[in-house]
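need a 3D model of the following:
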Amino acid sequence: MTAPDAASIVRLSTAYWESQTLLTANRLRLFDTLADGALGAAEVAAAQGLDARSTELLLRGCAALGFIEAGADGRYANTPTAATFLVSRSPAYMGHAIGYSDQLYATWGRLEDALRSGRPALPAQAYLGDDAVRTRTFVMAMHERALGVARALVGCIDLAGRRSMLDVGGGPGTYSVLLTARFPGLRSEVLELPGVAAVARELVAQAGASERVALRDGDYHGADFGSGKDVVLMSGMFHRETPAACRSLIARAAACLDRGGLLVVADVFTDAGGTSPAFAAMFGLNMMLTAPDGGVHADADVQRWMAEAGFVELRTTALPPPMPHRVVTGIKR
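Numbering: from 1, shown residues only. Sure, this is the predicted structure:
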């Protein structure tokens, strides 16, 4: 029997030190300041309008986390990881996604309040349309995350020969842009809330995909899904919904699809029991804090709901690490 070890307790009790170091450095665009070469702490502080001594401590902290290299000459430079993912001019920039986590930092501090009240600490309306700045940050964050997920998704589903897709709650439209590019002849309609759709239209246009991806304003809880589709994509939605709402969405997808149509449900799912993987369990708490019915479901439950709705050839595919997403697919009988 393994002896009890307090190391994990100590580690977790101070884990926010590391996350706040990264969040703050990203917010300050610290890595942009170092993008053109190594600088001393005083130079970084002057460029940022910060205190030199405090800035040196921040730079050392970032170096300890592997984002910055500390030279023997007292100068600091970005590591390849920071240059790739944390410099805003990089094509793989993740700063908006990290910025969304930054916005949620105070929300997580109200976890106890949410547990007592049963209500989210951050109303969903704040980042789904009511607050334009928060909404744009949220949509851009979802776009950055979706770029990686969609590229993996393209490799695990075959839409060859399919012509009409409904992307329900499609956020920035990233999945539709990449999938329609991968499968010639496929056209997609993205159904999304007006505030989110407004930003998504900009992203779709920037990608040169406006002719094959259309945005439709609407709330997927009550909007008409239409008919005659041969693909319905539901990505990143189920974690905002109750089991009953998920079943309803699956039933509406079935009604929208022609016979032989494909339903694709992608999200962060847990194993049966809901306690693993650890990220998925923590993600459930994050959604509880930010959506009235937020949580996380097991992929086995999604498969069962789809079978009950008449879908066959059910399959679950885990996207490659570090992505925590799984994709459940089924064919309308």
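
all contacts plus neighbour counts: C-alpha atoms, from now on.
Will do.

which element is residue 116 on?
helix 111-117 (DSSP states H and E).

got it, and residue 167?
Secondary structure (DSSP H and E) places residue 167 in strand 164-168.

CA atoms of that strand as PDB?
Written as PDB, here are the backbone C-alpha positions of strand 164-168 (Å, rounded to 0.1, in the frame of the first residue of the first chain):
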ATOM      1  CA  SER A 164     -25.500  20.400 -47.000                       C
ATOM      2  CA  MET A 165     -24.500  20.800 -43.400                       C
ATOM      3  CA  LEU A 166     -26.200  22.600 -40.400                       C
ATOM      4  CA  ASP A 167     -23.600  23.700 -37.900                       C
ATOM      5  CA  VAL A 168     -25.700  24.200 -34.700                       C
END
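
so what secondary structure elements neighbour that strand?
strand 187-192, strand 229-235 (3 or more Cα pairs under 8 Å, 6 or more residues apart in numbering; DSSP states H and E).

between the helix or strand that that strand is followed by and strand 187-192, how many degrees?
Downstream of strand 164-168, the first helix or strand assigned by DSSP H and E is helix 174-182. Interaxial angle of helix 174-182 relative to strand 187-192 (axes from the mean of the first three to the mean of the last three Cα atoms, to 10 degrees): 180 degrees.

hey, which helix or strand in this structure has the poorest pLDDT?
In the chain, no helix or strand scores lower on mean pLDDT, DSSP states H and E than helix 132-156, which sits at a mean of 80.

what domains does the record give for the protein?
As assigned by automatic domain parsing, the chain contains the domains 7-92, 146-332.

quick one on the thing from earlier: of the helices and strands packed on strand 164-168, which is nearest residue 93?
Distance to residue 93, taken as Cα to Cα, is lowest for strand 229-235 among these, at 21.9 Å.

name the strands paired with the closest one and say parallel or antiparallel.
Strand 229-235 has its sheet partners listed here by DSSP bridges as strand 164-168 (parallel), strand 257-268 (parallel).

the ones you listed: which one's closest to residue 188?
Of all these, strand 164-168 sits nearest to residue 188, with 4.6 Å by Cα to Cα.
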